[in-house]
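Chemist: turn this into a model:
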Amino acid sequence: MSRIDAHHHVWRPASAPGPAPGPGPRRRVHTWLDAPGMAPLRRDFTMADLAPAALAAGIDRTVLVQVLPDLDETAEFLSLAAADDLVAGVVGWADLTSDGLADTLHALRAAPGGDRLVGLRHLVQSEPDPGWLSRPDVRRGLRTVAQANLAYDLLVLPHQLPAAISTVRELPELTFVLDHLAKPPIARGALQPWASLIRELAAQPHVFCKLSGMVTEADRNDRSVAALRPYADVVLDAFGPQRVMFGSDWPVCLPVASYAEVVGAAEALTAGLTPAERSQVFATTAERAYGLGEGDQPGRSADDGPVGVVR
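Modeler: This is a model prediction of the structure:
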């Protein structure tokens, strides 16, 4: 059975921008890697690093997700995808507030690997305004994303969920994918108000959720499946397996868990599902959300029909 990792990254960090030594794309500043505990991640991580671990875990397709708010990074990710069959899709970045967003998306689609562009993402979690998603210029940009038949990844924290809920209600024509369960407070063992907000978000049928990023939110002394299960159960119950997809969040996960351990945790958390439901979490949900099948559009399925509005 084909298995998809719907969320991973690559990067080539450096202390200053400029040409990388030897062949390959230029290096960029990744200031977020200066945070405490990030030392193991302050090096290059490439598809060549990921491939052996992914294939050993039975993963044969992936979705490569943006790291920086950088158009050049998105173009490089698309070029990388064009040269690597493991990468089935790219979630890139473009300025949602730009008047030229439609032209930017057209240019990305025309670039090498542009057919692998399946969605956009912005680091909303870093925005100081909890209502950033509700800004008129952001909503206008999201409508442009919908018109381009792309999905939009929601990278938000729990306190930003109300704005996310309002946004998805206003934009039923756009397929949304929630990253990392909105980073619930797993280390504190608290479920509320996160769980209620997740159920409210999941009530919108054009929203999907990634079963990803959990190990990095857990207590460093307890990253057991038992500690993660209450949060996974909320998501699986609220969205249903048909709208939940596995993502490794590699290499961000590596300081606390190996790729194999993250996959193993996801398998344990979904062990109570039927084989057909596990197939959805590990493959077909990502195919539907991102339109990874030939001729597909985000949110569509030949068998199930549209999740959002067919465009």
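Chemist: is I198 part of a helix or strand, or is it coil?
Modeler: Secondary structure, DSSP: H, G, I helix; E, B strand; the rest coil: I198 is helix.
Chemist: quick one: low-confidence parts of the chain?
Modeler: Applying pLDDT under 70 to the chain picks out residues 14-29, 294-311.
Chemist: repeat that with 50
Modeler: 15-23, 300-311 (pLDDT under 50).
Chemist: in it, which spans are helices?
Modeler: 47-56, 71-83, 101-110, 136-147, 161-170, 194-202, 225-239, 259-269, 275-279, 285-290 (DSSP state H).
Chemist: would you mind finding the most buried of the ones you listed?
Modeler: helix 285-290 (a mean of 28; mean count of other C-beta atoms under 10 Å). All C-beta spots, glycine's among them, are computed from the backbone N, C-alpha and C.
Chemist: out of the helices of the chain, the one nearest A35 is which?
Modeler: helix 71-83 (19.5 Å; C-beta to C-beta).
Chemist: okay, angle between the closest one and helix 101-110 too, please.
Modeler: 30 degrees (axes from the mean of the first three to the mean of the last three C-alpha atoms, to 10 degrees).
Chemist: re earlier: in TSV, list the helices of the chain along with distance to D5.
Modeler: Listed next are the helices of the chain as TSV, based on distance: least, C-beta to C-beta, whole Å:
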stretch	distance to D5
helix 47-56	6
helix 71-83	14
helix 101-110	22
helix 136-147	23
helix 161-170	24
helix 194-202	22
helix 225-239	17
helix 259-269	8
helix 275-279	15
helix 285-290	9
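Chemist: nearest to H122, out of those helices?
Modeler: helix 136-147 (8.3 Å).
Chemist: who are the packing partners of the closest one?
Modeler: With contacts defined as 3 or more C-beta pairs under 8 Å, 6 or more residues apart in numbering; DSSP states H and E, helix 136-147 has these neighbours: helix 101-110, strand 151-154, helix 161-170.
Chemist: alpha carbons of the second one, as PDB, please.
Modeler: The C-alpha coordinates for strand 151-154 follow below in PDB (Å, rounded to 0.1, in the frame of the first residue of the first chain):
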ATOM      1  CA  ALA A 151      -4.900  24.300  -0.600                       C
ATOM      2  CA  TYR A 152      -3.900  26.400   2.300                       C
ATOM      3  CA  ASP A 153      -2.000  25.000   5.400                       C
ATOM      4  CA  LEU A 154      -3.000  26.600   8.700                       C
END
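Chemist: so which elements touch it?
Modeler: Strand 151-154 packs on strand 117-122, helix 136-147, strand 176-178, going by 3+ C-beta pairs under 8 Å, 6+ apart.
Chemist: ok, how many other residues are close to P128?
Modeler: Neighbour count of P128, defined by other C-beta atoms under 10 Å: 5.
Chemist: hmm, I typed the wrong one, I wanted L33.
Modeler: When neighbours are counted by other C-beta under 10 Å, L33 comes out with 15.
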